[in-house]
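Student: quick one: sequence and predicted model below, then my questions.
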Amino acid sequence: MSRFSEPQDPAFQALNASIGFDRRLWPHDVAQSRAHARMLAARGIIAAVDRDALLAGLDAVEAELAGGTFPFEPGDEDIHMAVERRLTEIAGPVGGRLHTARSRNDQVATDVAMFTREAAERAEARVEDLMRALLDAAERHLDWAMPGYTHLQRAQPVYLSHHLLAYVWMLARDRERLRFTAGQAARLPLGAGALAGVNFDTDRGMVAAELGFSGVAPNSIDAVSNRDFVLDYLAAAATCATHLSRLGAELVLWSSEEFGFVELPDAWSSGSSIMPQKKNPDAAELLRAKAPRIVGHLAALHGVMHALPLTYNKDMQEDKEHLFDAVDTLELALAAATGMVAGARFRRERLAAAASDELIAATDLADLLVRRGVPFRQCHGIVAGLVREAVDSGRRLSDFTEQELRAHSEHLDGEVADVLQQRSWLESKVSEGGTALPRVREQLSAARALVP
Ligand code: ARG
């Protein structure tokens, strides 16, 4: 019997069906169905023989899904209905007992929570791989000088190791966000039924334990309405991808002949179909471009969830494509970033030449005057005048005679020459978190401890 007298419009079926994408939830759907069947029997809600028949049937369904031989049918609206349909074909009418004390509402929330927890844990591991690749690169380039930039203008010299370590700290925060996400996805929705709980004295804790949840969602209404963990994943992924886009952007710039700071590994570069000399940083460019895609998924799901009345609404079926694409995109981006960092060949001379631009010691000259008692604002003006004269006359600061220096300030003397030694600009940055080598070493070992 059906409540309906007319068949569904094919366009409605196409709109309504999620089987095209939610089939990838099958491992979780089968796992939760097993746990559910065991619990139903343990509580005397179904007979032990029925449980055994359901478990055997689920094994057969799982084998078909894993082997790619599962016979999907046009009428399968989603993975939950497809599995139950096939189970009933294989096991007989007992298949109809599996949905006792369960609704697709708590079922889908459970599948998505399991998927999200696994994805967050996987991303965490890949973030750690990238952190390790960056740490290794930092160690290999510990004392390689390079210009640090603001506004993409040479600002102050730093060590390449210091610059690479900046990404490690970003990724450490990403990892924390992903961990938080995994924790948020670890409270079992199943057992909430459609929304109000079920008419049986189930054991939700037993199901939670079997499926690796840390506990049960305490409110059945919240349990079937909640997709916060998906938003949490998307937010964590969006921020992480944004970090990777900044790395990608730097690799694009640095691998250009104009910068010439790095050569990217062949395995992560491509040629041009017309210009034989070219080696294009496509992977780094795509790192740049993938971030807004994930941010788009986050914004889209906020749009779906906002103002949605409790509890389950079909709108929430839209969570999956955003989540799946974000997961696939982030994992690829992390793999690409790790491969590029691990194989990047930095060019010491080019970095050093750019870092030997004396003008980037301007702050250090100003600080020399500060140490001689001149207020910093005034020092800034004095050095600006000096820089201007150098730029206008096409000379280096170290070409200025002591007399010429004194014309700018009585406090400028022979020590200016010492300040203009490249090492000294770097090694004078002694503050905690600064670029002086002892500080970078300190930072490196602290960062290493994050990924033992
Ligand atoms: N395919 C649905 C989804 O992804 C499953 C839940 C359907 N529940 C319902 N009451 N129609 O959200």
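Tutor: Nice, thanks for sending it over. Here the structure is a predicted model, which is why all the values come from computation and not from measurement.
Student: count the neighbours of whichever residue of the stretch 301-450 of the chain sits closest to the ligand for me.
Tutor: Going by CB to the nearest ligand atom, the ligand is nearest to Gln317 of the stretch 301-450 of the chain, at 3.6 Å. No exception for glycine: its C-beta is placed from N, CA and C like everyone else's. Residues contacting Gln317 under the criterion other CB atoms under 10 Å number 17.
Student: residues in contact with it?
Tutor: 18, 22, 78, 108 (CB atoms under 8 Å, 6 or more residues apart in numbering).
Student: give me the subset of the residues you listed that lies in helices.
Tutor: Those of the contacts of Gln317 mapping onto helices are 22, 108, per DSSP state H.
Student: show the overlap between the contacts of Gln317 and what lies near the ligand.
Tutor: 18, 22, 78, 108 (CB under 6 Å from any ligand atom).
Student: Serialize those to a markdown table and add fields for pLDDT.
Tutor: Output for these, formatted as a markdown table (pLDDT from 0 to 100):
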| residue | pLDDT |
| --- | --- |
| Ser18 | 98 |
| Asp22 | 98 |
| Asp78 | 98 |
| Val108 | 98 |
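Student: as CSV, these with neighbour count would be great.
Tutor: Putting those into CSV (neighbours: other CB atoms under 10 Å) gives the following:
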residue, neighbour count
Ser18, 20
Asp22, 24
Asp78, 23
Val108, 25
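Student: and those, which is closest to Gly67?
Tutor: Closest approach between the ones next to the ligand among the contacts of Gln317 and Gly67, by CB to CB: Asp22, at 19.3 Å.
Student: ok, for that closest one, nearest residue in space, not its chain neighbours?
Tutor: Spatial nearest neighbour of Asp22, excluding adjacent residues (CB to CB, 6 or more residues apart in numbering): Ile79 at 4.7 Å.
Student: also Ser424?
Tutor: Asp418 (6.1 Å).
Student: tell me which element that neighbour falls in.
Tutor: helix 415-419 (DSSP states H and E).
Student: and that helix, average pLDDT?
Tutor: Average pLDDT, helix 415-419: 84.
Student: buried stuff in it?
Tutor: The neighbour-count check on helix 415-419 (16 or more other CB atoms under 10 Å) flags 416, 419 as buried.
Student: I'd like the next helix or strand past it.
Tutor: Next along from helix 415-419, by DSSP H and E: helix 422-427.
Student: on that earlier part again, where does the residue of the stretch 301-450 of the chain closest to the ligand land in three-state SS?
Tutor: Three-state call for Gln317 (DSSP: H, G, I helix; E, B strand; the rest coil): helix.
Student: again with the one 4 residues further on
Tutor: When states are read from three-state DSSP, the local structure at Glu321 comes out as helix.
Student: skipping adjacent residues, who's closest to it in space?
Tutor: Using CB to CB, 6+ apart, the nearest residue to Glu321 is Phe21, at 5.4 Å.
Student: residues contacting that neighbour?
Tutor: 320-321, 324.
Student: around the ligand, pick out the residues from the stretch 301-450 of the chain.
Tutor: So far as CB under 6 Å from any ligand atom goes, the stretch 301-450 of the chain lies against the ligand at 312, 314, 316-317.
Student: again, only this time at 5 Å
Tutor: Gln317 (CB under 5 Å from any ligand atom).
Student: shaky segments in the stretch 201-350 of the chain?
Tutor: For the stretch 201-350 of the chain, not a single residue meets the criterion pLDDT under 70.
Student: thinking again about what came up before, any idea of the pLDDT on the residue nearest to Glu321?
Tutor: 98.
Student: what's the answer for Gln422, then?
Tutor: Gln422 is given a pLDDT of 69.
Student: just the one 10 residues further on next, same as before
Tutor: Each residue has a pLDDT score; the one for Glu432 is 95.
Student: spatially nearest residue to it (excluding sequence neighbours)?
Tutor: Arg439 (6.7 Å).
Student: isn't that neighbour up against Lys429?
Tutor: Yes: Arg439 is within contact range of Lys429, at 7.3 Å (criterion: CB atoms under 8 Å).
Student: which one of the two has more residues nearby?
Tutor: A count of neighbours by other CB under 10 Å puts Lys429 above the other of Arg439 and Lys429, at 21 against 18.
Student: now do the SS call for the closest residue to that one other than its chain neighbours.
Tutor: Nearest residue to Lys429, sequence neighbours excluded (CB to CB, 6+ apart): Thr435, at 4.4 Å. Secondary structure, three-state DSSP: Thr435 is coil.
Student: residue of the stretch 351-452 of the chain nearest the ligand, please.
Tutor: Val451 (36.2 Å).
Student: and the pLDDT at that residue?
Tutor: Reported pLDDT for Val451: 97.
Student: can we start the residue count at 21 from this point?
Tutor: Got it, first residue is 21 now, which makes that one Val471.
Student: distance of it relative to Arg152?
Tutor: Distance, Val471 to Arg152, by CB to CB, to the nearest Å: 6 Å.
Student: His183 now?
Tutor: From His183 over to Arg152 (counting by CB to CB), the distance is 17 Å.
Student: ditto for His431
Tutor: From His431 to Arg152 the distance is 48 Å (CB to CB).
Student: ok, now Met360?
Tutor: 14 Å.
Student: likewise for Arg207?
Tutor: 31 Å.
Student: swap in Met166?
Tutor: Taking CB to CB, one finds Met166 at 22 Å from Arg152.
Student: higher neighbour count, these two?
Tutor: Neighbour totals were compared for Met166 and Arg152, and Met166 leads with 26 against 17 (other CB under 10 Å).
Student: OK, contacts around that one?
Tutor: 177-180, 183, 281, 371-372, 374-375.
Student: find the residue closest to it in space, skipping its chain neighbours.
Tutor: That would be Leu371: by CB to CB, 6+ apart, it lies 4.2 Å from Met166.
Student: isn't the one you found right next to Asp163, touching?
Tutor: No: between Leu371 and Asp163 there is no contact under CB under 8 Å: 11.2 Å.
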